[in-house]
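>>> Take a look and give me a structure for this.
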Amino acid sequence: MNSLLTNLLKIFRWLLGVVFVFSGFVKLIDPLGTAYKFQDYFAVMGLERLSGSALVFAVALSVIELLIGLNLLAGIRLKITMITAAVFMIVMTPLTLWIALKNPVSDCGCFGDALVIGNWATFDKNIILSLLVIAIFILMRYHTVILKPKAEWVLMGYSLIFAMAFAHVNYHYLPMIDFRPYKIGKNLPKEMAVPPGAQANVYSTTFTLEKNGVQKEFSLENYPDSTWTFVAQHTRLIKKGFTPAIHDFSIRDANMNDLTDSILNLNKYLFLLVSYDLDQMSTNHLARIEHIYQFAQQNHYAFYMLTGSASDVIAHFQQVNKVGFPICTTDPTTLKTMIRSNPGLILLYHGTVLNKWSNDALPRLTDPLSSNPNDETPSIPSAWEALGFAVLYIILFWVIRLWLTTKYKQSKNSYYQTTN
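This next block holds a predicted model:
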């Protein structure tokens, strides 16, 4: 009977562990995306003052989830792990019920962009996880402890260090796995296309403009003269239809002319410098960006900057930084989705994404780009880097565990009582 309950406990903690590892991993692989989701929650809850700390909340939540999952899979520090998991579910289950009832956001973000599920499905998922937590608490006395507490804390510390290093790399050098429709290899016009016969979504685009200190909203049909200053662009869904993977992407010049098709269908290399907010943009590598622009000019490549900032902010940016490249406007949420860096650089050819660089990894370009666009894609897909990180973690974990087992081994017949 004890053997059956021990095996049942293993199954339950492995199931719960896999969910927590997956949830923490996909959020930690995209820390900025998780931070943006926190900012959405802060906005609907009236807690905008916390938006500046969204990245801290994002990394902390992701690391906690990942550590809970890894501890459950490895069977270490089970008591404190389950207490943490219980507190987590006590907070998250009512929160997801509120989200399901009020629907303040369309996607809870519990699995990042890797797996988008509805708000009610998220609540149902948390009910199941809560039941697993209760079941593990009931069966926890059948858990076999192999390592002493000191050894288990060493393994937890190792997992924490590895998780923080993983977050650091993904934050500074873009997510190793890109789950969004703007990832390398995607053709943007195809991702924006609506199949023949399908009913397209109907959107209403309005523009907030200012004149003499007064702000008003205008549509494309009644767009005013140039004496008005652009402040913001808003796109609203009017009628639901077929939704392509990319449905809210547009590029407009200073006069609000739509350049989307003409830019994306250029039959030559195109550099897009992306900054959703110029006020928050890092300018520490602006000289290198200007060099890339000059490189594009010399080799007859196209170069545009896309931003979601207002026209007065754009003018101030141009005046202060003396940049020569053209600046167009795009919805800031779209720009956040395109690349997780402010600024970030994207290379395209005839609408196909060939490469992406964060501000901390901008390329040093000297020789003209290849006549074959495929040569400009990364030689090693970044997803392999994520796999390499995971394999390295597992190997080192078991090496450390094996060493600790020989040093701090306890009786294999001792069942879990109070050591965890």
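
>>> got the contact list for residue 302?
By Cβ atoms under 8 Å, 6 or more residues apart in numbering, the contact list for residue 302 reads 263, 266, 268-271, 296. Quick note: C-beta positions are derived from backbone N, CA and C, even for glycine.

>>> 7 Å instead?
Listed by Cβ atoms under 7 Å, 6 or more residues apart in numbering, the contact set of residue 302 reads 266, 268, 270-271, 296.

>>> Show me what it is bridged to.
On the basis of DSSP bridges, residue 302 is bridged to residue 270.

>>> Can you give me the pLDDT of it?
The model reports residue 302 with a pLDDT of 95.

>>> which among the contacts of residue 302 gets closest to residue 284?
Set against residue 284, the nearest of the contacts of residue 302 by Cβ to Cβ is residue 271 (19.0 Å).

>>> Just confirm that closest one contacts residue 305, I think it does.
No: counting by Cβ atoms under 7 Å, residue 271 does not reach residue 305; the two are 9.2 Å apart.

>>> I'd like the contacts of residue 302 laid out as JSON lines, including pLDDT and neighbour count.
Shown next, in JSON lines, are the contacts of residue 302 (pLDDT from 0 to 100; neighbours: other Cβ atoms under 10 Å):
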{"residue": "266", "pLDDT": "91", "neighbour count": "15"}
{"residue": "268", "pLDDT": "94", "neighbour count": "14"}
{"residue": "270", "pLDDT": "96", "neighbour count": "22"}
{"residue": "271", "pLDDT": "97", "neighbour count": "23"}
{"residue": "296", "pLDDT": "96", "neighbour count": "21"}
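
>>> Out of the residues you listed, the closest to residue 358 would be?
residue 271 (14.5 Å).

>>> got a list of what the closest one touches?
So residue 271 contacts 292, 296, 301-303, 345, 347 (Cβ under 7 Å, 6+ apart).

>>> Drop anything exposed from these.
When the contacts of residue 271 are checked for burial by 16 or more other Cβ atoms under 10 Å, the buried set is 292, 296, 301, 303, 345, 347.

>>> So for stretch 189-204, first residue to last residue, what's the gap.
20 Å (Cα to Cα, to the nearest Å).

>>> ok, back up a step: and the furthest pair within the buried ones among the contacts of residue 271?
301 and 345 (12.4 Å).

>>> Helices along the stretch 151-300 of the chain, start to end?
With DSSP state H, counting those that start in this stretch, the ranges of helices along the stretch 151-300 of the chain come out as 188-192, 260-264, 286-298.

>>> and these as JSON lines, adding distance to residue 146?
Listed next are the helices of the stretch 151-300 of the chain as JSON lines, based on distance: least, Cβ to Cβ, whole Å:
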{"stretch": "helix 188-192", "distance to residue 146": "50"}
{"stretch": "helix 260-264", "distance to residue 146": "58"}
{"stretch": "helix 286-298", "distance to residue 146": "52"}
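
>>> Could you say which one of these comes nearest to residue 50?
helix 286-298 (29.7 Å).

>>> Show me how far the closest one is from its chain's centre.
28 Å (Cα atoms, centre = their mean, to the nearest Å).

>>> Keeping just the C-alphas, turn that helix into PDB.
C-alpha atoms of helix 286-298 as PDB (Å, rounded to 0.1, in the frame of the first residue of the first chain):
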ATOM      1  CA  LEU A 286      23.000  55.300 -31.300                       C
ATOM      2  CA  ALA A 287      26.400  55.900 -33.000                       C
ATOM      3  CA  ARG A 288      26.400  52.200 -34.200                       C
ATOM      4  CA  ILE A 289      22.800  52.600 -35.400                       C
ATOM      5  CA  GLU A 290      23.800  55.700 -37.400                       C
ATOM      6  CA  HIS A 291      26.600  53.600 -38.900                       C
ATOM      7  CA  ILE A 292      24.200  50.900 -39.900                       C
ATOM      8  CA  TYR A 293      22.000  53.600 -41.500                       C
ATOM      9  CA  GLN A 294      25.000  54.900 -43.500                       C
ATOM     10  CA  PHE A 295      25.900  51.300 -44.400                       C
ATOM     11  CA  ALA A 296      22.300  50.900 -45.800                       C
ATOM     12  CA  GLN A 297      22.600  54.200 -47.700                       C
ATOM     13  CA  GLN A 298      25.900  53.200 -49.300                       C
END
